[in-house]
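>>> how does the following fold in three dimensions:
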Amino acid sequence: MGEWDLLSPAFPADAVKTAFAKVKKNRPYFTGDYYPLTPWTMAADQWMAYQFHRPDLDAGIVLAFRHAQSSQASL
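As a prediction, the model looks like this:
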């Protein structure tokens, strides 16, 4: 992965702003409880999912990743 050329007309500034906004919105959950929902794997035909939960906020997020060669469309 190379460096970002921030001055390039092709730099996806809007996409980067959106990504950073999502990270900021979800940042509070990364300090909460962690629950693996699937076994850890890097296998190209599997899913991987986990949950961060903040009991004090009664809220959390689930992160699920579908690897490229998974035959399952959903998990």
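
>>> SS state for residue 52?
Recorded secondary structure, residue 52: strand (DSSP: H, G, I helix; E, B strand; the rest coil).

>>> now do the phi/psi pair for the spatially most central residue of the chain.
Nearest to the geometric centre of the chain sits residue 63, at 5.3 Å (C-alpha atoms, centre = their mean). Main-chain dihedrals, residue 63, degrees, to the nearest 10: phi -110, psi 120.

>>> residue 32 - how many residues pack around it?
Residue 32: 17 surrounding residues under other C-beta atoms under 10 Å. C-beta here means a position set from N, CA and C on the backbone, and glycine is covered the same way.

>>> measure it to residue 49 for me?
According to C-beta to C-beta, to the nearest Å, residue 32 and residue 49 sit 16 Å apart.

>>> list the contacts of the nearest residue to the residue nearest to the centre of the chain once chain neighbours are set aside.
Take residue 63 and drop its neighbours on the chain: the residue closest to it by C-beta to C-beta, 6 or more residues apart in numbering is residue 50, 5.8 Å away. By C-beta atoms under 8 Å, 6 or more residues apart in numbering, residue 50 lies in contact with 34-38, 62-63.

>>> list the beta-bridge partners for residue 50.
residue 36, residue 63 (DSSP bridges).

>>> need the strands for this protein, in chain order.
Listed in chain order, the strands of the chain (DSSP state E) span 33-36, 47-54, 59-66.

>>> how much space separates residue 23 from residue 10?
22 Å.

>>> okay, stretch 64-75 in PDB with CA atoms only?
Extracted C-alpha coordinates of stretch 64-75, given in PDB (Å, rounded to 0.1, in the frame of the first residue of the first chain):
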ATOM      1  CA  ALA A  64     -18.800  -9.100   9.800                       C
ATOM      2  CA  PHE A  65     -16.400  -9.800   7.000                       C
ATOM      3  CA  ARG A  66     -17.200 -12.100   4.000                       C
ATOM      4  CA  HIS A  67     -14.100 -13.500   2.500                       C
ATOM      5  CA  ALA A  68     -13.900 -13.400  -1.300                       C
ATOM      6  CA  GLN A  69     -14.500 -17.100  -2.000                       C
ATOM      7  CA  SER A  70     -17.300 -17.700   0.500                       C
ATOM      8  CA  SER A  71     -20.200 -19.600  -0.900                       C
ATOM      9  CA  GLN A  72     -22.500 -18.200   1.700                       C
ATOM     10  CA  ALA A  73     -24.200 -14.900   0.700                       C
ATOM     11  CA  SER A  74     -25.200 -14.100   4.300                       C
ATOM     12  CA  LEU A  75     -24.400 -15.200   7.800                       C
END
